[in-house]
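>>> dropping a prediction and its sequence here:
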Amino acid sequence: MMMIVRLNPKTDLESIWNFVEQKIGKESNPLVTPLYATQAEGMMNVGVIFDVKDPDNIAHFITETLSDCDECHHTKTISLMKPTFFPIPKNKPENIQRYVVRIYTHPRNYKTIYNYLVNYEYSNKLFPIYISYSLGDEDIVMNIAADSPETVNKFVREKIRTLEGADTAMFYPVVKAKRFASLDELIKKQKAHFTEKAKAMPESEMDQTFDWVEGFEHLAMLTGAFRRDI
């Protein structure tokens, strides 16, 4: 299963990011695989995504590894339930940026909103990376890629906030990213959570070489991120 551990700093977010870059890749073992880390503008934490055999496997990281990070004020661990990943389409904008979309709603609306987002017909200007229940911080979390903040804002405003029961929906641009697993390993993990429709997509339509982490700084600047945020 996949889990997100969000690390919140006392005051210095950059210190947390440096710790993640230097230490987290060494956490990999047969039971725990760190996949990647992200920092989203406005969320004031660093999120590390792990693939684990059992939820308890993350305990060593939280109780042992993080004990060396003096700047870490507190953590939140989120189990991704029913994560659905989507293939990267070859037909996509040349310059795209990744965003986190967080949705809050009542349990009676979980399934309806989740299914709507999974089955929505996305344009090539905006496409999902994954959608999951994440009942720890928000209720449903999406990672999406889009050609501009305006495209994301329009999607959130017109397609999510108008849904019955979608009490709050917010999006945050990802401004830093670090991949720990190999690209092949990451794609393999994601394919295990493809929808049946995604599995039926011809491989000729999928971009299995695109790596949104490699060259991330260049892409982020092209899409409007400030160098100080990268």
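Perfect, I can see it now. Note that the structure is a prediction, hence the values are computed from the model and not measured.
>>> residue closest to the middle of this structure?
Closest residue to the average C-alpha location of the chain: Asn143 at 4.7 Å, with C-alpha atoms, centre = their mean.
>>> my guess is it meets Gln97, correct?
No: with contacts counted by C-beta atoms under 8 Å, Asn143 stays clear of Gln97, the gap being 11.4 Å. In short, each C-beta sits where N, CA and C put it, glycine included.
>>> what touches both of these two?
Common contact partners of Asn143 and Gln97 (C-beta atoms under 8 Å, 6 or more residues apart in numbering): none.
>>> quick one on the thing from earlier: am I right that the residue nearest to the centre of the chain is in a helix?
No: Asn143: not assigned to a helix; according to DSSP: H, G, I helix; E, B strand; the rest coil it is strand.
>>> give the contact list for the closest residue to it other than its chain neighbours.
Nearest non-adjacent residue to Asn143, counting by C-beta to C-beta, 6 or more residues apart in numbering: Ile129, 4.0 Å away. Taking C-beta under 8 Å, 6+ apart as the criterion, Ile129 is in contact with 85-86, 88, 98, 142-145, 212.
>>> one more: Ile4?
Applying C-beta under 8 Å, 6+ apart, the residues contacting Ile4 are 47-50, 77-78, 80, 134, 136.
>>> where does it fall, secondary structure wise?
Using DSSP states H and E, the element containing Ile4 is strand 2-9.
>>> do me a favour and average the pLDDT over that strand.
Average pLDDT, strand 2-9: 95.
>>> within its sheet, name the partner strands of it and how each one runs.
Sheet pairing for strand 2-9, assigned by DSSP bridges, gives strand 46-52 (antiparallel), strand 72-85 (antiparallel).
>>> among those strands, which comes closest to Thr162?
Ranking these by their distance to Thr162 (criterion: C-beta to C-beta) puts strand 72-85 first, at 21.6 Å.
>>> the residue lying closest to Phe194 once chain neighbours are set aside pairs with what?
Ranked by C-beta to C-beta, 6+ apart and with sequence neighbours excluded, the top spatial neighbour of Phe194 is Phe85, at 5.9 Å. In this entry, Phe85 is beta-bridged to Tyr130, Phe194, by DSSP bridges.
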